[in-house]
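J.: got a structure for you, letters missing:
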């Protein structure tokens, strides 16, 4: 009987259930990892924090600017075109990126290189009418536009041409004012109603036409204020479109009719800014009007006696210290000192009248210890040395500036239509000369104006001071750095490489360590011998602690390596036996 021994090919085995499960697990794990990455990316885009780690935090936006950007009703376009970019321009570009981020899509930034994109540059020049070499930022909002020149973005040190040539460097930037300028520009563009400030004239004040207020007017114009001179003798009432009025430096008194107009305006919840310096008693009516509202000018001269290079002389331009007593005007300026140009009188606050008339009187500026209010000041007598008389004069601390509000709630979160007034005992501190000697006077005045106009959220955006860092090294420190860079670090790298090479070759590392310790000690001994032979060093035990520590460490490592090497040699001999 024949049999068929031909083997049939085996059928492929069906995949086991275990392999299928492993495959499914891998697919599920990959899907979970992808889902986790997607979830983390989504969470990172929705919940995050932006941190400015720079030393001066020049691009960190203030809460006031963030509030303005968050309330934009229409989109804003910022067009940046810098023909020549310097330090201020670079900071401005970074700052605008922060504006764009904080506006959440309501502000876009277009950076145009006039050399790389000539066609776009010429298009913008034809549209907005500026010179091809101008460094400008153009803000466009609802069909209106406003220029910002890069020269307005920073404060630079004052250097004459000769100093610049001798130093061979441009002036250094002292403070960056980008946020101040950009935010003020956006205010001007976005406010539908332009505020009008009337500067009262006719009593020897600074009016709207005087050049002495040019800088102050310029900054207020950036904040969307329109100026006009107001002569009370020509008016039956203060105009209804007056957002506020200002009386700066009156030299002559107000008539009863003038004061009636002021009273009517105050009763209509008016806003008044007053700077009244010492007039030698020439403005009693105005002083009485202020006293009826809780603030009485004391007709004294705030001064101190100082030692100027060995010469004792009176200082009649006091240094005022800004204090924060709860007013938003001084919140960000607390403790800052500012000098007041010209003769300043102190202000007496009537706390009894404050309670009786529902007033809120808050100090803004005080004269520190060392000043007093001289009641018998004689400007014609420059030889007599003034002395403090406790029976007649007014002792420190003296109030130089106050904020007055009538009808307020006392809660900063509740905004009511109230009468507001800011009074300073100096009439010249906002002039060109006054702003030069008092660096913080402008910020104090701008904050006061914004408070009077109910723009509390825009108060106090100070310039960012640029910190100039310098590294000063002694000759010893320079020598130490040179030795580390030229010798020690390369030697350490070479030693590490040699250890690694011997380890891979199976060599005895203990013998290498012992050899290094002996070489190091031999090098030190040879070096000291050469120094001794040249007369540069005398054998002594009074060496630096670092020297003895290095010698001790080298000896300890050498002894340990010698012991370990001996043990290793004996172990190898035994293993060979």
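T.: Here it is on my side, so go on. Worth saying up front: this structure is predicted, and the values here are computed from it rather than measured. Residues are numbered from 1 along each chain as shown.
J.: quick check, residue 343 in contact with residue 276.
T.: No: using CB atoms under 8 Å, residue 343 makes no contact with residue 276, being 10.9 Å away. C-betas here are computed from N, CA, C, even on glycine.
J.: overlap in contacts of those two?
T.: By CB atoms under 8 Å, 6 or more residues apart in numbering, residue 343 and residue 276 have these common neighbours: residue 426.
J.: where does the stretch 351-500 of the chain dip in pLDDT?
T.: The stretch 351-500 of the chain contains residues with pLDDT under 70 at 382-383, 408-416, 457-470.
J.: what pLDDT is listed against residue 13?
T.: pLDDT, residue 13: 54.
J.: oh sorry, the question was meant for residue 109
T.: At residue 109, pLDDT is 94.
J.: for it, pull up the helix or strand it's in.
T.: Per DSSP states H and E, residue 109 falls inside strand 107-111.
J.: for that strand, list every residue counted as buried.
T.: 107, 109 (16 or more other CB atoms under 10 Å).
J.: and if you look at stretch 261-274?
T.: By neighbour count on 16+ other CB under 10 Å, the buried set for stretch 261-274 is 261-262, 265-266, 270-274.
J.: starting at the chain centroid, how far to it?
T.: Offset of stretch 261-274 from its chain centre (CA atoms, centre = their mean, to the nearest Å): 35 Å.
J.: over to it now: how far is its first residue from its last?
T.: 15 Å (CA to CA, to the nearest Å).
J.: same thing with stretch 271-287?
T.: End-to-end span of stretch 271-287 (CA to CA): 18 Å.
J.: stretch 373-386 too?
T.: Stretch 373-386 end-to-end distance (CA to CA) = 11 Å.
J.: from the chain's centre, how far out does that stretch sit?
T.: 41 Å.
J.: I'd like the average pLDDT over stretch 112-132.
T.: Stretch 112-132 comes out at a mean pLDDT of 88.
J.: buried ones in it?
T.: Across stretch 112-132, burial judged by 16+ other CB under 10 Å covers 112, 114, 121, 124, 130.
J.: now do the same end-to-end measure for it.
T.: This stretch, stretch 112-132, spans 12 Å end to end (CA to CA).
J.: now stretch 127-141
T.: End-to-end distance of stretch 127-141 (CA to CA): 15 Å.
J.: the stretch 351-500 of the chain: helices as residue ranges?
T.: 351-356, 432-437, 441-452, 475-483, 489-504 (DSSP state H, counting those that start in this stretch).
J.: continuing past the longest one, what's the next helix or strand?
T.: Following the chain from helix 489-504 toward its C-terminal end, the next helix or strand by DSSP H and E is helix 509-533.
J.: which other helices and strands does that next one contact?
T.: Judged by 3 or more CB pairs under 8 Å, 6 or more residues apart in numbering; DSSP states H and E, the packing partners of helix 509-533 are helix 489-504, helix 545-576.
J.: can you rerun that using 6 Å?
T.: Other helices and strands packing on helix 509-533, by 3 or more CB pairs under 6 Å, 6 or more residues apart in numbering; DSSP states H and E, are helix 545-576.
J.: and the angle from the helix it packs on to helix 509-533?
T.: Interaxial angle of helix 545-576 relative to helix 509-533 (axes from the mean of the first three to the mean of the last three CA atoms, to 10 degrees): 150 degrees.
J.: list the helices and strands helix 545-576 packs on?
T.: Counting by 3+ CB pairs under 6 Å, 6+ apart, helix 545-576 packs on helix 509-533.
J.: what are the buried residues along the helix it packs on?
T.: 509-514, 516-517, 520.
J.: adding pLDDT, write those out as JSON lines.
T.: Output for these, formatted as JSON lines (pLDDT from 0 to 100):
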{"residue": "509", "pLDDT": "70"}
{"residue": "510", "pLDDT": "72"}
{"residue": "511", "pLDDT": "75"}
{"residue": "512", "pLDDT": "73"}
{"residue": "513", "pLDDT": "77"}
{"residue": "514", "pLDDT": "74"}
{"residue": "516", "pLDDT": "77"}
{"residue": "517", "pLDDT": "77"}
{"residue": "520", "pLDDT": "77"}
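J.: show me which of those is closest to residue 88.
T.: residue 520 (53.9 Å; CB to CB).
J.: you'd agree that closest one is up against residue 554?
T.: Yes: in this structure, residue 520 is within contact of residue 554 by CB atoms under 6 Å, at 5.0 Å.
J.: could the buried residues of stretch 112-132 go into TSV alongside secondary structure?
T.: As requested, these are exported to TSV (DSSP: H, G, I helix; E, B strand; the rest coil):
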residue	secondary structure
112	coil
114	coil
121	helix
124	helix
130	coil
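J.: tell me which of the helices of the stretch 351-500 of the chain is the most buried.
T.: Comparing these by mean neighbour count (mean count of other CB atoms under 10 Å), helix 441-452 comes out on top with a mean of 24.
J.: by contact count, what packs against it?
T.: Packed against helix 441-452 by the contact rule (3+ CB pairs under 6 Å, 6+ apart) you find no helix or strand.
J.: hmm, try it at 8 Å
T.: For helix 441-452, the packing partners by 3+ CB pairs under 8 Å, 6+ apart come out as helix 214-222, strand 271-275, strand 359-367, strand 398-406, strand 419-424, helix 432-437.
J.: which SS class is residue 296?
T.: Residue 296 ends up strand, using three-state DSSP.
J.: burial of it, as a residue count?
T.: Neighbours of residue 296 under the rule other CB atoms under 10 Å: 17.
J.: without its sequence neighbours, what residue ends up closest to it?
T.: Among residues not flanking residue 296 along the chain, residue 348 sits closest, at 4.5 Å (CB to CB, 6 or more residues apart in numbering).
J.: okay, now the domains of the protein?
T.: Domain assignment for the chain by automatic domain parsing gives 26-192, 195-465, 471-500, 508-576.
J.: nearest to residue 18, out of these?
T.: Per CB to CB, nearest to residue 18 of the domains of the chain: domain 26-192, 12.9 Å.
J.: ok, which stretches of the stretch 101-250 of the chain are strands?
T.: Taking DSSP state E, counting those that start in this stretch as the test, the strands found in the stretch 101-250 of the chain are 107-111, 136-141, 144-149, 154-156, 173-176, 195-201, 225-231, 244-248.
J.: export these as TSV, with columns for distance to residue 428.
T.: TSV is the format used below for the strands of the stretch 101-250 of the chain (distance: least, CB to CB, whole Å):
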stretch	distance to residue 428
strand 107-111	39
strand 136-141	34
strand 144-149	28
strand 154-156	22
strand 173-176	24
strand 195-201	15
strand 225-231	18
strand 244-248	8
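J.: now do residue 253, the pLDDT please.
T.: At residue 253, pLDDT is 95.
J.: doesn't it lie inside a helix?
T.: No: counting by three-state DSSP, residue 253 is not part of a helix but coil.
J.: surely it and residue 282 touch.
T.: Yes: look at residue 253 against residue 282 with CB under 8 Å: they come within range, at 6.1 Å.
J.: please enumerate the shared neighbours of these two.
T.: Shared contacts of residue 253 and residue 282, defined by CB under 8 Å, 6+ apart, are absent.
J.: which of the buried residues of stretch 112-132 sits closest to residue 78?
T.: Using CB to CB, residue 112 comes nearest to residue 78 of the buried residues of stretch 112-132, at 11.1 Å.
J.: so how far is residue 491 from the closest one?
T.: Distance of residue 112 to residue 491, computed by CB to CB, to the nearest Å: 54 Å.
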